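Novice: Structure for the following, please:
(2 chains, ligands or ions: 1)
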Amino acid sequence: MQQKKFDVIIIGAGLSGIAAGIRLAMFDKKVCILEKHSIPGGLNSYYKRGKRLLDVGLHAMTNFAPQGSRGKPLTKLLKQLRIPYGDFALAPQNYSKIVFADSTLKFSNELELLKEQINTQFPDQVDGFNRLITMIGEFNETALDNEYQSAKEVVSNYISNDILKEMIFFPLLIYGSAWENDMDFSQFAIMFKSIFLEGFSRPVGGVRTILDLLMKKFSNLGGIVEYRSGVEQVLSKNGKACGVKLESGDTILASTVLSSIGNPETMKLIESQSEPAARSGSMSFTETIMTYGQRPKDFGEEAAIVFYNDSNIYDYRCPDSLYDKKSAVICFSNNFAVDDFDEGIVRMTNIANYSQWKNLSKEDYKKNKELVLSDAKALLKSYSPSFADDHNFSDVFTPLTVEKFTSRIGGAVYGSPDKLRTGETELDSLYVCGTDQGFLGIVGAMLSGISMANLHVLSKN
Amino acid sequence: MTEVEVKDAIVKIIADVAMDEDVTSIDASASLRDELDLDSMDFLDIVMELKKRHKITVPQEEYSELATLDSCVKYLTPKFQ
Ligand SMILES: Cc1cc2nc3c(=O)[nH]c(=O)nc-3n(C[C@H](O)[C@H](O)[C@H](O)COP(=O)(O)OP(=O)(O)OC[C@H]3O[C@@H](n4cnc5c(N)ncnc54)[C@H](O)[C@@H]3O)c2cc1C
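Specialist: Residues are numbered from 1 along each chain as shown, chains lettered A, B, ... in the order given. Here you go, the predicted model:
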């Protein structure tokens, strides 16, 4: 690297780090993103198996908004990054389903469908549900000073039927809660809006469409990104961050350091003195990808995402076994408005226990990955018996894979339960953005990067 | 710079900040916030662009002067000289 002094160093080229980088470079800040891995994307990156290019995480992007919608997170994000709407190439979902033992609710990017479904299956809950929507609409979930409040407690005041309550919580928990079986009400409101009021879409071409676009934009603005550059320590002087030391031993100086790697992960880089220390998260997952000669619709499946639970209570917590077989998210990636795949593709996410995977011998690790796959196939067949028995290709990854490629402690996909809403840390000029600032998912992470860059760097001039 | 030129310069900035909006038919006396769906983050962008392109600074307590296109022109024209 030529230059060794920057205005801002960003640790991590995940979605939040890149979005922050674009904002800063746009206003002539000298920015350097340092990424440990050899490609960008972090928790939502991509990889290659044979000739197949696969997305690590992407099921769907939340927060869908049609072109021209006003005041929505997606349109704010595009405006802030100066990206024309069409460039994300978003294909909206057909519809999705929450499947419990005794009832199934469909929802889509039109709220009416869900309302209709509740009206037929839980008629005495319609009023409460409408009141909940009004309350959430008026709630400012992005205020930086919101305190933790149990979402289950709040929602109980509106929805008295336990099954319906559990069904509503399922997608919101598994797509964004670092807490077990509950979540912070602000987080609930964010997720509720992003999934039920706005909805799902998928960028044609997968997450690469977005990452390529963002990286090109960042470098056109003069931003610098260095891969294979893990940060080992954040340097400070008199309580103020002033640069970083890389694993290679190099040091790079900067007036501000923005870290997207997580709260406890960042605290490790400053040998934090704070008590109690930030907790690491316990929610991680296995992900199984299977491809088929035929499309899901050929087997009668038109839903984009199915939230499947074999009972009437949804248990969102780190399981006592390697992975939880009682519930799963099944994503049929072909079932969005544009199907750009050469084959049928099914992705399945199961909640998993990091420590149990960690303790396996090499041989048992391999064996259990096989079991994840055969259980995924069995679950798919029990959900949709017409699915073919034979797949073309499959791949399974575990909490250890997540940890290896993203350096999230314990493979905690939604980060620490201790969020830093203001982004501030015990060091001046060191701020946290992304997942552990409390905004996650692809859209949330980008918005977090944008707002932390605005708040802590751009609006200070 | 004349008021017309100042207006053009401002509209150019708004067009870049709010890419997907039609800026050719802005009602000069209407609130930009409502007409173009601009929020406080966008006003920060307009202010930063004024600084970047024209070396003009707008202190935070005077952001309200930027409420409409007319008020922008009136407030900024002296600063453009
Ligand atoms: C299996 C899976 C499925 C998912 N599905 C979806 C989905 O369908 N829709 C959705 O919206 N979201 C989904 N997500 C969540 C989404 O991917 C994340 O919320 C989002 O990408 C988080 O971005 P971030 O910038 O906060 O963090 P990260 O992506 O974790 O970025 C941090 C970056 O920092 C790097 N790093 C770590 N330590 C260091 C260091 N010491 N030095 C330098 N660099 C370092 C990491 O390599 C990483 O690139 C999924 C995630 C997973 C894992």
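Novice: List the contacts of the residue in chain B that chain A sits nearest to.
Specialist: At 4.2 Å from chain A, residue B:37 is the closest residue in chain B, using CB to the nearest CB. For the C-beta atoms, the positions are set from N, CA and C on the backbone; glycine is no exception. For residue B:37, the contact set (CB atoms under 8 Å, 6 or more residues apart in numbering or on different chains) comprises A:70, A:71, A:75, B:18, B:21.
Novice: Take the residues you listed and write them to a markdown table, including neighbour count.
Specialist: As requested, the contacts of residue B:37 are arranged in a markdown table below (neighbours: other CB atoms under 10 Å in any protein chain shown):
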| residue | neighbour count |
| --- | --- |
| A:70 | 12 |
| A:71 | 9 |
| A:75 | 20 |
| B:18 | 20 |
| B:21 | 18 |
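Novice: residues contacting residue A:209?
Specialist: Contacts of residue A:209 by CB under 8 Å, 6+ apart are A:88, A:89, A:203.
Novice: same check, this time on residue B:22
Specialist: No residues are in contact with residue B:22 under the rule CB under 8 Å, 6+ apart.
Novice: that's a helix at it, yeah?
Specialist: No. Counting by DSSP: H, G, I helix; E, B strand; the rest coil, residue B:22 is located in no helix; its state is coil.
Novice: near chain A at all, the helix or strand bottoming out on mean pLDDT in chain B?
Specialist: The weakest-scoring helix or strand in chain B, judged by mean pLDDT, DSSP states H and E, is helix B:32-35 (a mean of 89). No. Taking CB under 8 Å from any CB of the partner chain as the criterion, helix B:32-35 and chain A are apart, separated by no less than 9.6 Å.
Novice: Now tell me what touches the very next helix or strand once past that helix from outside.
Specialist: Using DSSP states H and E, the helix or strand that follows helix B:32-35 in sequence is helix B:40-54. Here helix B:40-54 makes contact (CB under 8 Å, 6+ apart) with A:27-28, A:76, A:79-80, A:450-451, A:454, A:458-459, B:9, B:13-14, B:16-18, B:38, B:56-58, B:63, B:66, B:76, B:80.
Novice: Next, count neighbours for whichever residue of chain B sits closest to the ligand.
Specialist: Proximity of chain B to the ligand (CB to the nearest ligand atom) peaks at residue B:41, 19.2 Å away. Counted with other CB atoms under 10 Å in any protein chain shown, the neighbours of residue B:41 add up to 18.
Novice: cool, residue A:268 as well?
Specialist: Using other CB under 10 Å: residue A:268 sits among 16 other residues.
Novice: can you pull the contacts of the residue in the stretch 251-400 of chain A positioned nearest to chain B?
Specialist: Across the stretch 251-400 of chain A, no residue is closer to chain B than residue A:256, which sits at 16.5 Å (CB to the nearest CB). Shown in contact with residue A:256 (CB under 8 Å, 6+ apart): A:7, A:8, A:9, A:241, A:429, A:430, A:431, A:456, A:457.
Novice: and it, which of the three is it?
Specialist: strand.
Novice: I figured residue A:349 hits residue A:289, correct?
Specialist: No. If you go by CB atoms under 8 Å, residue A:349 and residue A:289 don't touch, sitting 10.3 Å apart.
Novice: Are any of the contacts of helix B:40-54 buried, and if so which?
Specialist: Among the contacts of helix B:40-54, those classed as buried by 16 or more other CB atoms under 10 Å in any protein chain shown are A:27, A:76, A:79-80, A:450-451, A:454, A:458, B:9, B:13-14, B:17-18, B:38, B:58, B:66, B:76, B:80.
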